[in-house]
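Trainee: Structure of the sequence below:
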Amino acid sequence: MEGLNAKLSKAQQLLLRTDGSVTTLLEVLTGKPIVVTTLLQQVVKADTERAVELDIAEGDNINYRVVVLKNEDDDRPLIYAESYTPIGRLQKDFRHDLMKADISIGPILAQRKIESRREIRSVEETLNEELSDLFGVPHNIPMLSRTYDIISHGMVLIRITETFPSTNFSKIAMVGHL
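Mentor: Have a look, this model is predicted:
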């Protein structure tokens, strides 16, 4: 992350390093409400890799969800996110809200009064043609992403990877003094 930091705007660094709600940060950075559009949501069985990452048994049910975060009045995606949630760890109401789709995870946690923390696992810069097409940027534009866990009661509740083009949020001015 050290070498990558030198190339990033303060807004990009905030989005990649925050231990709070990205939805809230996006609303502050863009000055507009953020909406969630669900591209895919399905229950899948944990393979060996996911079982290890989430500390669950292989074959356990996981809610796999793919969303984009956008301004409510603009169809362009700001952030693409994939999440893996062990269904057996969710309270019934939380599971219902999460699987209703089109709701950000942060507000669900707050509404359900679930105490949690976020732990960043990785921050990366990669090329991804599929995501370049989704964001409408040339294939040579790197994608910035971070993977983090939302942890509650000492267990991974959700693993999330959020991705955006390196051109997004690169020119947002930050206030020097408040």
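
Trainee: Run a quick neighbour tally on Asn61.
Mentor: For Asn61, the count of nearby residues is 14 (other C-beta atoms under 10 Å). Every residue, glycine included, has its C-beta placed from N, CA and C.

Trainee: And the pLDDT at the nearest residue to it once chain neighbours are set aside?
Mentor: Sequence neighbours aside, Ile87 is the residue nearest to Asn61 in space, at 4.4 Å (criterion: C-beta to C-beta, 6 or more residues apart in numbering). For Ile87, the pLDDT comes out at 94.

Trainee: Next: Asp19.
Mentor: For Asp19, pLDDT reads 76.

Trainee: Who are the contact partners of Cys56?
Mentor: Let me fix one detail, which is that residue 56 is Ile and not Cys. Ala46, Arg50, Ile62, Pro86, Gly88, Arg89 (C-beta atoms under 8 Å, 6 or more residues apart in numbering).

Trainee: Repeat the analysis, applying 6 Å as the threshold.
Mentor: Applying C-beta atoms under 6 Å, 6 or more residues apart in numbering to Ile56 gives the contacts Ala46, Pro86.

Trainee: Give me the pLDDT for it.
Mentor: pLDDT, read off for Ile56, is 96.

Trainee: Name the SS class of it, please.
Mentor: The local conformation at Ile56, judged by DSSP: H, G, I helix; E, B strand; the rest coil, is coil.

Trainee: For it, give its distance to Tyr84.
Mentor: As for Ile56, its distance to Tyr84 is 10 Å (criterion: C-beta to C-beta, to the nearest Å).

Trainee: cool, and Leu54?
Mentor: 6 Å.

Trainee: Around the residue nearest to Asn61, count how many other residues there are.
Mentor: By the criterion of other C-beta under 10 Å, Ile87 has 15 neighbours.

Trainee: Would you agree it is in contact with Asp60?
Mentor: No. With contacts counted by C-beta atoms under 6 Å, Ile87 stays clear of Asp60, the gap being 7.6 Å.

Trainee: and the next element down the chain from the helix or strand bottoming out on mean pLDDT in the chain?
Mentor: For the chain, the helix or strand with the lowest mean confidence is helix 2-5, at a mean of 58 (criterion: mean pLDDT, DSSP states H and E). Once the chain leaves helix 2-5, the next helix or strand it forms, by DSSP states H and E, is helix 10-17.
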